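Q: Please work out how this folds:
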Amino acid sequence: MKKSHPIRRTLLATAATVSGIVLLLSLKPASDPAGSVQAGAAGGAPSAQGGVAAGAQTLTGTAVQTDYGPVQVRITVNGGKITNAETVQQPSGGRSTQISADAIPKLNQAAVAAGSAEIDAVSGATYTSAGYKESLQAALDQAGKAQDSGAQVLTGTTVQTDYGPVQVRITVSGGKITNAEAIQAPSGGRSTQITGDSVPKLNQAAVAAGSAEIDAVSGATYTSAGYKESLQAALDQAGKAQGSGSEVEAGGSQDAGGGAEAGGDAGSSGAGAGGGQATGTQVLTGSAIQTDYGPVQVRVTVTDGKITNAEALQQPSGGRSTQISGNAIPKLNQNAVSAGSADIDAVSGATYTSGGYKQSLQSALDQAG
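A: As a prediction, this is how the structure comes out:
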């Protein structure tokens, strides 16, 4: 047998070695492990831009005015995810009632599924869908603002003025008002210009003063008065929710707690429909219920599983309704505290108001449950 030439054997061995190295390199995984980890992290909890921060919160968005009525969204965020979405206000009356009844549940479901305001409009409800998305984004923006454990986002009462409603939302951190904004303000005609001029000044004054003791803006007397009243109502909540022990500088020492208002940090537990069995303090705001004579919205304070205070944020007003509400609401508030639930009797002569009150009260208690 003819022997191979030594140089040829060397060349063959070298070629085999190179081929082996190439084969080994071709077996390397196509994706880099570090790249896989980064991709997984990117798919985690959405940011405040897309929507949510970690921790349990109940957050209320801005009331967005549409051509068919206001839309306002309230969400519950837990563990960095939207766990519940509902409307506090929505278009009603005539055809709008049917459209809202069809569209709102779909929008609520879409918000929870998407975990952000990037949801599709419901066919046939373009204006309602747009208002919903805007209010939802405003609620999610709050989650980005209140990421430290000492921060609260508190929403004041809706105050009716001669030119439209005023409602204030504040952020309290480290015992100070760090941000103030109007989520409802008079609009339309001259009111839009007055609001555009006065509300930024009122917001700045609230942060600077740290209380509702602020001067009215010249030329905006009614808006200023409504702003101050709603601001004080928001600050009052900080005094009622005594979980964290920090002080709010609002005309005196007030404990800013870990309680939950629409737009504040949700407590870890709360009262059920029967008064509940939770410890700690929560301030909970029910849905705004539309009645034949106007909206009814209830806010309750729950301490150690019991309703310790109840009040109406919205109630029918104007003409005879003002007198009826003035007589009925105090009785309903008292009954709610006494019963510790929404199982209370209607006030004689105020059937619609009583029905709306009970429904809003139950929705507030459901948040704690």
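Q: What's the separation between residue 141 and residue 114?
A: Distance of residue 141 to residue 114, given as Cβ to Cβ, to the nearest Å: 16 Å. C-beta: built from backbone N, CA, C; applies to glycine.
Q: hang on, isn't residue 191 packed against residue 161?
A: No - the criterion here is Cβ atoms under 8 Å, and residue 191 misses it with residue 161 at 9.7 Å.
Q: excluding its backbone neighbours, what's nearest residue 154?
A: Leaving aside its sequence neighbours, residue 154 sits nearest to residue 234 (Cβ to Cβ, 6 or more residues apart in numbering; 4.3 Å).
Q: what's the neighbour count on that neighbour?
A: 29 (other Cβ atoms under 10 Å).
Q: so who does it touch?
A: Residue 234 makes contact with 154, 155, 156, 168, 169, 170, 261, according to Cβ atoms under 8 Å, 6 or more residues apart in numbering.
Q: Mind picking the two most distant members of the residues you listed?
A: Pairwise distances across the contacts of residue 234 (Cβ to Cβ) peak at 12.3 Å, for the pair 168 and 261.
Q: Identify the contacts common to those two.
A: Both residue 168 and residue 261 are contacted by 155, 234, under the criterion Cβ under 8 Å, 6+ apart.
Q: Between the two, which is the more surrounded one?
A: Comparing residue 168 with residue 261 by other Cβ under 10 Å, the one with more neighbours is residue 168, at 31 against 28.
Q: And residue 354, its phi and psi?
A: As for residue 354, its main-chain torsions (degrees, to the nearest 10) stand at phi -60, psi -40.
Q: where's it relative to residue 318, distance?
A: Using Cβ to Cβ, residue 354 is found at 18 Å from residue 318.
Q: got any ranges where the stretch 201-350 of the chain has weak pLDDT?
A: Counting by pLDDT under 70, the stretch 201-350 of the chain has low-confidence residues at 239-280.
Q: wait, I meant the stretch 1-150 of the chain
A: For the stretch 1-150 of the chain, the stretches flagged by pLDDT under 70 are 1-56, 144-150.
Q: for it, what spans make up the helices?
A: For the stretch 1-150 of the chain, helices defined by DSSP state H, counting those that start in this stretch occupy the ranges 6-26, 33-42, 95-114, 126-145.
Q: so after the last one, what's the next helix or strand?
A: Right, the one you point to is helix 126-145. Downstream of helix 126-145, the next assigned helix or strand under DSSP states H and E is strand 151-155.
Q: Okay, angle between that following strand and helix 126-145 too, please.
A: For strand 151-155 against helix 126-145, the angle by axes from the mean of the first three to the mean of the last three Cα atoms, to 10 degrees is 150 degrees.
Q: What is strand 151-155 packed up against?
A: Judged by 3 or more Cβ pairs under 8 Å, 6 or more residues apart in numbering; DSSP states H and E, the packing partners of strand 151-155 are strand 57-60, helix 126-145, strand 164-173, helix 221-240, strand 264-265.
Q: 6 Å instead?
A: On a contact count with 3 or more Cβ pairs under 6 Å, 6 or more residues apart in numbering; DSSP states H and E, strand 151-155 meets strand 164-173, strand 264-265.
Q: Would you give the sheet partners of the longest one, along with the direction of each?
A: Read that as strand 164-173. Taking DSSP bridges as the criterion, strand 164-173 forms sheet pairs with strand 151-155 (antiparallel), strand 159-161 (antiparallel), strand 176-184 (antiparallel).
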